[in-house]
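**Student:** Got a predicted model here, sequence first, then my questions.
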Amino acid sequence: MTIQAGELDSTFAADGILNWEFPEFISIAPHVVLPLPDGRLFVVANELGIFPGFVVARLTDHGELDVGTGFGENQQGFARISTGEKFLSRKFGANLLSNGGVLITVEYSTRPPNGENGFVLIQLLPDGRLNDKFGEGGVAKFPYGSKPVPLDGALTAARARQNIPGHEKSAIQSGASSGASGIELPGGKVALVYFGFDHASQQTKGLVMRLNPDGSFDNTFNKIGSATVELAELGATGDNAARGVAAHVDGGLVVYGDFDDEGTFGTYAVRFTEHGTRDNEFGEFIVKSDRLPVFRDIAVRKKDGIIALVGGQDGQGVFDGEGVIVVLSADGSPHPLFNNGQPLFTKIVPEIGQNWTSCTFDNPDESKLIVAGTSGGAFVTDEMHAVCARYKLTGEPDTQFSGGYVTVNTSERLESTLNVQVTGQNKIVMCGEYWRDRLSLPKSGWIARFIA
């Protein structure tokens, strides 16, 4: 029997779909799934509600816990990572490190009366333990208070933590390191994006930071370890926030985010040099409209620096959405071959459209773009399900991939998509949440693997 691209991989879990339900631990849904070189999967999953910890697990190529091979306490294939008094919220970002460990980002809050908000950056060793040579016991905290604090205040608070001598291991950017708030760079350094409040201009501004391997600020980056995102597009009262970062050619960083300028909303991409200054040769790419466009992920093609950005915007009605896909040349200009140099607005699910949440180039030649997301718009509907599409770099759907797109769509539950990756064995791995109905919150999750 011939196996076609876009078919569920029957060798994984139950006919290609793993329901995230393990009796060994309590967890809601997988937020990030990272393919390991040998076909195993590293998974970061949340816990119920606002939680003080999370679960990491390593799965075999068939979707079972990787027991007895050195991962987790007593080699049980999973570990629970506790963050003490910090209550974690929202979605996780995670990337593989060159030493086999994992870099994880997630927002947090603490209890009143001294409540504090911010995000934490966590480094795990290959066996699932916290890396005590990074930050404070493997955790670097970036607080910003109940309201955004001044940029210098946020940096001072982050700098004040104990600096632990770093290790001297070489590093390369992982192939699964696009789109999260933090990524590893060559030499073991880490790039982060965030935002803070600038009292001088009374504006919220995106913040780009670079850390040394031990979690301390790298003062060779813009002389202070950080730089702000200044957009020429914005007026004197406009605000912007940096949401994601990817390593680019020649050591630069491509940063994307969103902005609000007196009711005009949009999303942007800019580039910083390896020294922490804005790369003016890259330009300032902007998509704006009254439909609230936003980028949610980024992928950079290794061989030539082509950049893909995906996200979504509101559709014609309150319950539908439009996917947004942009492909840029290495210099930041619209790629002339992709949709004739224009952003591609998609409604690949004809009735209600979709919003894209994650993207990656395929293996091994990076000639196709894989995007994944959720049908509909900003609101959960009874028709919500997970969607994955493959596009040629002309902007046309690749019809050899099951006609252009596939879905995860069960009859008894609703599905939303959080992450997509391509394995070294040329298979597509997606993960997301199950919702019982449109009035509930997600109570479980799933991982699906397709033939690429």
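**Tutor:** Alright, I've got the coordinates.
**Student:** tell me the phi and psi of Asn74?
**Tutor:** phi 60, psi 30 (degrees, to the nearest 10).
**Student:** Does Lys347 touch Gln354 like I think?
**Tutor:** Yes: taking contacts as CB atoms under 8 Å, Lys347 lies within contact range of Gln354: 7.2 Å. (C-beta placed from N, C-alpha, C; glycine too.)
**Student:** which residues are in contact with both of those two?
**Tutor:** Counting by CB atoms under 8 Å, 6 or more residues apart in numbering, the contacts common to Lys347 and Gln354 are Glu322, Gly323.
**Student:** which stretches of the chain form helices?
**Tutor:** Per DSSP state H, the chain carries helices over the ranges 151-159.
**Student:** for it, which spans come out with low pLDDT?
**Tutor:** Low-confidence regions of the chain, defined by pLDDT under 70, span residues 1, 49-51, 85, 145-180.
**Student:** mind redoing it with 50?
**Tutor:** 145-150, 154, 156-180 (pLDDT under 50).
**Student:** burial of Thr69, as a residue count?
**Tutor:** Number of residues near Thr69 (other CB atoms under 10 Å) recorded here: 12.
**Student:** Over to the one 3 residues further on?
**Tutor:** When counting by other CB under 10 Å, one arrives at 23 neighbours for Gly72.
**Student:** what about Lys347 and Gln354, which has more around it?
**Tutor:** Gln354 (30 against 16).
**Student:** Report the separation between the more buried one and Val324.
**Tutor:** 10 Å (CB to CB, to the nearest Å).
**Student:** Please enumerate the shared neighbours of the two.
**Tutor:** What both Gln354 and Val324 touch, as defined by CB under 8 Å, 6+ apart, is the set Gly312, Thr346.
**Student:** give the contact list for the nearest residue to Leu414 once chain neighbours are set aside.
**Tutor:** Take Leu414 and drop its neighbours on the chain: the residue closest to it by CB to CB, 6 or more residues apart in numbering is Trp435, 4.1 Å away. The contact partners of Trp435, by CB under 8 Å, 6+ apart, come to Val380, Met384, Arg413, Leu414, Glu415, Ser416, Leu441, Pro442, Lys443.
**Student:** okay, those in CSV with neighbour count next?
**Tutor:** Output for these, formatted as CSV (neighbours: other CB atoms under 10 Å):
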residue, neighbour count
Val380, 19
Met384, 23
Arg413, 20
Leu414, 24
Glu415, 24
Ser416, 23
Leu441, 11
Pro442, 19
Lys443, 13
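**Student:** Where strands are concerned, which of the residues you listed count?
**Tutor:** Leu414, Glu415, Ser416 (DSSP state E).
**Student:** wait, what's in contact with the last one?
**Tutor:** Spelled out, that is Ser416. Going by CB under 8 Å, 6+ apart, Ser416 touches Thr374, Val380, Met384, Ala386, Gly432, Glu433, Trp435, Pro442.
**Student:** Isn't the fourth one up against Glu433?
**Tutor:** No: if you go by CB under 8 Å, Ala386 and Glu433 don't touch, sitting 9.2 Å apart.
**Student:** So for these two, which residue has more residues nearby?
**Tutor:** Ala386 (28 against 25).
**Student:** State the distance from that one to Gly403.
**Tutor:** Relative to Gly403, and taking CB to CB, Ala386 is found at 16 Å.
**Student:** try Val139
**Tutor:** 45 Å.
**Student:** What backbone torsions are found at Ser10?
**Tutor:** phi -70, psi -10.
**Student:** List the residues that contact the closest residue to it other than its chain neighbours.
**Tutor:** In this structure, Ser10 finds its nearest non-sequential neighbour in Gly16, 5.9 Å apart by CB to CB, 6+ apart. By CB under 8 Å, 6+ apart, the contact list for Gly16 reads Glu7, Leu8, Asp9, Ser10, Ala448, Arg449, Phe450.
**Student:** Which of these are buried? Put it as a ChimeraX command.
**Tutor:** This is the ChimeraX syntax for the buried subset of those, where burial follows 16 or more other CB atoms under 10 Å:
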select :8,9,448,449,450
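**Student:** right, and out of the contacts of Gly16, which lies closest to Gln202?
**Tutor:** Checking these against Gln202 by CB to CB gives Ala448 as the nearest, at 46.1 Å.
**Student:** from memory that closest one sits against Gln421, does it?
**Tutor:** No: contact criterion CB under 8 Å: Ala448 and Gln421 do not qualify, at 11.7 Å.
**Student:** Can you work out which residues contact both of the two?
**Tutor:** With CB under 8 Å, 6+ apart, Ala448 and Gln421 have common neighbours Val429.
**Student:** in the stretch 351-452 of the chain, which spans are strands?
**Tutor:** Ranges of strands in the stretch 351-452 of the chain, per DSSP state E, counting those that start in this stretch, are 354-361, 368-375, 386-392, 405-408, 414-422, 427-435, 444-451.
**Student:** Direction included, what does the fourth one pair up with?
**Tutor:** Here strand 405-408 is paired, per DSSP bridges, with strand 386-392 (antiparallel).
**Student:** now what about the strand it pairs with, what contacts it?
**Tutor:** 5-6, 325, 344, 346, 348-349, 354, 362, 367-375, 397-398, 401, 404-409, 415-417, 420, 428, 430, 432, 448, 450, 452.
**Student:** Just give me how far it sits from the chain centre.
**Tutor:** The chain centroid and the centroid of strand 386-392 are separated by 17 Å under CA atoms, centre = their mean, to the nearest Å.
**Student:** ok, now stretch 32-50?
**Tutor:** 13 Å.
**Student:** ok, back up a step: just want to know which of Val139 and Gly403 has more residues nearby.
**Tutor:** The neighbour comparison of Val139 against Gly403 (other CB under 10 Å) goes to Val139, with 23 against 11.
**Student:** from memory that one sits against Leu124, does it?
**Tutor:** No: at 10.4 Å, Val139 does not count as touching Leu124 under the criterion of CB under 8 Å.
**Student:** So for these two, which residues contact both of them?
**Tutor:** With CB under 8 Å, 6+ apart, Val139 and Leu124 have common neighbours Leu130.
**Student:** Give me the spatial nearest neighbour of His248, chain neighbours excluded.
**Tutor:** Nearest to His248 is Val254, by CB to CB, 6+ apart, at 4.8 Å.
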